[in-house]
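Engineer: Starting from these lines, generate the structure:
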Amino acid sequence: MSSDADHSPIDFAALANPTEEHARLEAFVGTFAAEVKIRMGPGEPNVTTGVMTNSMDLGGRFLRQSYQGDAVEGPFPSFAGRGYWGYNKTDQRWEGFWIDTASTVMQIEHGQVDESGTVWTMTGEMTDPVSGQSMAKSSVITWIDPDHHSMEMYFQTPEGQTKGMEIQYWRKA
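Structural biologist: I've put the predicted structure just below:
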């Protein structure tokens, strides 16, 4: 039987304080023009543009992302998306989720940053909208310089891994 004397008090304030990992997200704060290439099958990708606005939220703990696509013809004429990205100190990993007007799926990912501190590889699972089966996905987020970053998204299909999307971001403000 354990007693209260066997347990150290939990320092919740220390657990909640942002760290240098959280500070790395500040490089992504700002308003960015975006060029999005989506591959929805064989052939050339569908190319669209939009604006991503990123801000730190909840005392510097999370990067809040708000995307608005430019009006286009096609399957997603007024595309919009929202996401959060942060560092989970308890699990010592990066975590994020994304929602948008193209589906009702919450895409949840987790991962690590490389030794350079500029390339995040995030992995997760989602339901394939075509087959209804679970499929693995990964995102590679690359910080290039203060005014540029990119994101590539890959899906694991029965045919193998395929690049589904690529986004290039350029700082507007």
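
Engineer: all helices for the protein, in order.
Structural biologist: 12-16, 20-24 (DSSP state H).

Engineer: Outside of the first one itself, list whatever touches it.
Structural biologist: With C-beta atoms under 8 Å, 6 or more residues apart in numbering as the test, helix 12-16 has contacts from 61, 89-90. Glycine gets a C-beta too; all of them are placed from N, C-alpha and C.

Engineer: again, only using 10 Å
Structural biologist: With C-beta atoms under 10 Å, 6 or more residues apart in numbering as the contact definition, helix 12-16 has outside contacts at 58-59, 61, 89-90.

Engineer: Ok, stretch 49-57 next?
Structural biologist: With C-beta under 10 Å, 6+ apart as the contact definition, stretch 49-57 has outside contacts at 18, 22-23, 25-36, 62-72, 79-81, 83-86, 149, 151, 167, 169, 172-173.

Engineer: Report the buried members of the residues you listed.
Structural biologist: Burial by neighbour count, judged by 16 or more other C-beta atoms under 10 Å, picks out 18, 22, 25, 28, 30, 32, 34, 36, 62-65, 67, 69, 79, 81, 83-86, 149, 151, 167, 169 from the contacts of stretch 49-57.

Engineer: circling back to that earlier point, could you say which one of the helices of the chain comes nearest to Trp98?
Structural biologist: Shortest distance between Trp98 and these, using C-beta to C-beta, is found for helix 20-24: 18.9 Å.

Engineer: for the closest one, the distance to its chain's centre please.
Structural biologist: Mean C-alpha position of helix 20-24 versus that of the full chain (C-alpha atoms, centre = their mean, to the nearest Å) differs by 15 Å.
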